[in-house]
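Novice: Model the following, please.
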Amino acid sequence: AQRLVPWPAGENTRSFHASFIPVHRIGEQRDLVLLVLSDVSAIQQANERNTDMLRRLVLTLVSVVDRHDPYSANHAQRMTEVADALARELGFSDQERSTLGLAASLANIGKIMIPVELLTRAGPLAPEEQEILQKHVDHGLELLRGLQFDGPVVDIIAQKQERPDGRGYPRGLAADRITLAGQVLAVANAFVALLSPRAWRQGLSVQGALDELMRGAGSQFDRRVIAALFHVVENRQNWSQWQ
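Specialist: Residues are numbered from 1 along each chain as shown. Now for the predicted structure:
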């Protein structure tokens, strides 16, 4: 058996990796356990520094997106909240929720590569402009490619615009190739977007957003996630303020 053990050392606490090895016999002694301690304090401290650095980087990137697209201000924070509520409802583990939350925070980072006039256009976009806008997913994946995450953060982000009927982008994945986390992110992203005002429309009511999502259940969105959202919304009255 192995475990991480904190150990007081003066004013500080050091961390040791402890291995417990059963030993049948040493001399006259039988049925013993050999304890091997390895000091991993420096490694743990480095991991904590890396985690803190990544958290700060995420906050900076989210701030950049908010400044670039004023209509998406607070979108990442709200999408993270909705995604986590859905993950709880669907029984995700703590690690899965953490990975999904990080993906939700960074899901729209690729928008910083999209011309701001397209993001704030009050009228409809031409087909070629729609294609440029849809490229934000690939742009985001390219920007995040060099970062190391604990969990499939980038893979989840890559699926946020995919659809169960295979008509999504950028890969046109069918339902059986989209993870549940990717489906949750897609619903959370769409729900927050529908509640939030845009240059071409006012934000919908919570019920209006639910009705719109329900029309896409099974084709655009996973039915399980939509059902979870209906259940969660009953206890989230504050979400109506996002209009």
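Novice: can you tell me how far the most centrally placed residue in the chain sits from D176?
Specialist: Residue closest to the average C-alpha location in the chain (CA atoms, centre = their mean): A103, at 2.5 Å. Per CB to CB, to the nearest Å, A103 is found 20 Å from D176. In short, each C-beta sits where N, CA and C put it, glycine included.
Novice: Now for A85: which residues touch it?
Specialist: Counting by CB atoms under 8 Å, 6 or more residues apart in numbering, A85 makes contact with 232, 236.
Novice: After the strand or helix carrying it, heading C-terminal, what element do we hit next?
Specialist: Element membership of A85, judged by DSSP states H and E, is helix 75-89. Counting by DSSP H and E, the element after helix 75-89 in chain order, helix or strand, is helix 94-106.
Novice: For that next one, what is the distance to the chain centroid?
Specialist: 3 Å (CA atoms, centre = their mean, to the nearest Å).
Novice: pull the longest strand from this protein.
Specialist: Secondary structure of the chain read by DSSP state E shows that its longest strand is strand 12-26.
Novice: quick one on the thing from earlier: now do the residue nearest to the residue nearest to the centre of the chain when sequence neighbours are not counted against E129, distance only.
Specialist: Excluding the flanking residues, the one nearest A103 by CB to CB, 6 or more residues apart in numbering is I156, at 3.9 Å. Distance from I156 to E129, counting by CB to CB: 27 Å.
Novice: neighbour-wise, which of these two wins?
Specialist: Using other CB atoms under 10 Å as the criterion, I156 and E129 rank with I156 on top: 28 against 15.
Novice: and stretch 180-198, how far out from the chain's middle?
Specialist: Stretch 180-198 has its C-alpha centroid displaced from the chain centroid by 12 Å (CA atoms, centre = their mean).
Novice: do the same with stretch 110-128
Specialist: The chain centre lies 24 Å from the centre of stretch 110-128; the measure is CA atoms, centre = their mean.
Novice: got it, and stretch 208-224?
Specialist: For stretch 208-224, the distance from its own C-alpha centre to the chain's C-alpha centre is 20 Å (CA atoms, centre = their mean).
Novice: Which positions within it qualify as buried?
Specialist: Within stretch 208-224, the residues scored as buried using 16 or more other CB atoms under 10 Å are 209-210, 213, 216-217, 220-222, 224.
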